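Engineer: predicted model and sequence follow; I will ask about them next.
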Amino acid sequence: MMNKKQHIVMVERLIGNTVVACPITQEDLEKEFKQERDKVQKGKLPGYVYFIGNDKIVKIGKSNNPENRLLELQTGNHTNLSILAKIYCNTQKEAFTLENSLHLKYKNQRTIGEWFTNTKELQSEWNQLTTKDR
């Protein structure tokens with residue numbers, strides 16, 4: 001029986017707060033990708049609903065990584081943004097449902113897209129959501 005030569009690739013993995021380059025076979029990488037894709041398709045990956053903004057505006061959205069999302073949003077925004085709150089959800093479906101319910105609840109405060117006027121009512125909402133045992 002002949003040994004098949006395995007192709008090794010380097011991937012970056014987030015370990016704690018550090019990005020580390022790790023070798024992995026192409027075959028194992030494809031398996032990992034398929035497993036993650038299956039989780040996403042089944043809605044089984046956890047996620048967050050986030051409130052990103054400043055004292056005037058707030059974006060209510062969902063993401064697997066709110067910190068990266070903040071960096072993406074900040075790139076195209078001339079005002080300083082920060083993560084005002086993030087709510088952990090056990091599944092993407094749960095995050096999608098919560099995000100949509102918040103968009104509907106605060107539709108009268110919508111400025112454009114997923115951006116809303118930052119009000120005491122909205123601040124109270126995210127304070128309640130972040131203190132609940134979810």
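Structural biologist: Alright, I've got the coordinates. Numbering: from 1, shown residues only.

Engineer: quick one, helices of this protein?
Structural biologist: According to DSSP state H, the chain carries its helices in the segments 26-41, 66-75, 92-105, 120-131.

Engineer: closest to Gly47 out of the ones you listed?
Structural biologist: Among the helices of the chain, the nearest to Gly47 by CB to CB is helix 92-105 (3.7 Å). All C-beta atoms are positioned from the backbone trio N, CA, C, and that covers glycine.

Engineer: what's near enough to touch the nearest residue to Ile60 once chain neighbours are set aside?
Structural biologist: Excluding the flanking residues, the one nearest Ile60 by CB to CB, 6 or more residues apart in numbering is Leu102, at 5.1 Å. Going by CB atoms under 8 Å, 6 or more residues apart in numbering, Leu102 touches Val49, Ile60, Glu125.

Engineer: what about the last one, how many neighbours?
Structural biologist: Burial measure for Glu125: 17 neighbouring residues, criterion other CB atoms under 10 Å.

Engineer: now swap in the first one and tell me
Structural biologist: A count of neighbours around Val49, defined by other CB under 10 Å, yields 25.

Engineer: isn't it up against Ala95?
Structural biologist: Yes. With contact defined as CB atoms under 8 Å, Val49 and Ala95 form a contacting pair (5.4 Å).

Engineer: joint contacts of these two?
Structural biologist: With CB under 8 Å, 6+ apart, Val49 and Ala95 have common neighbours Lys62, Cys89.

Engineer: and for Trp99, nearest residue in space, chain neighbours not counted?
Structural biologist: Careful, residue 99 is Glu; it's not Trp. Spatially, and ignoring its direct neighbours in sequence, Glu99 is nearest to Lys62 (4.6 Å; CB to CB, 6+ apart).

Engineer: surely Ile60 meets Phe51?
Structural biologist: Yes. If you go by CB under 8 Å, Ile60 and Phe51 touch, sitting 5.9 Å apart.

Engineer: pLDDT check: weakest of the contacts of Leu102?
Structural biologist: Lowest pLDDT among those: Glu125, with 92.

Engineer: this completes my enquiry, with thanks.
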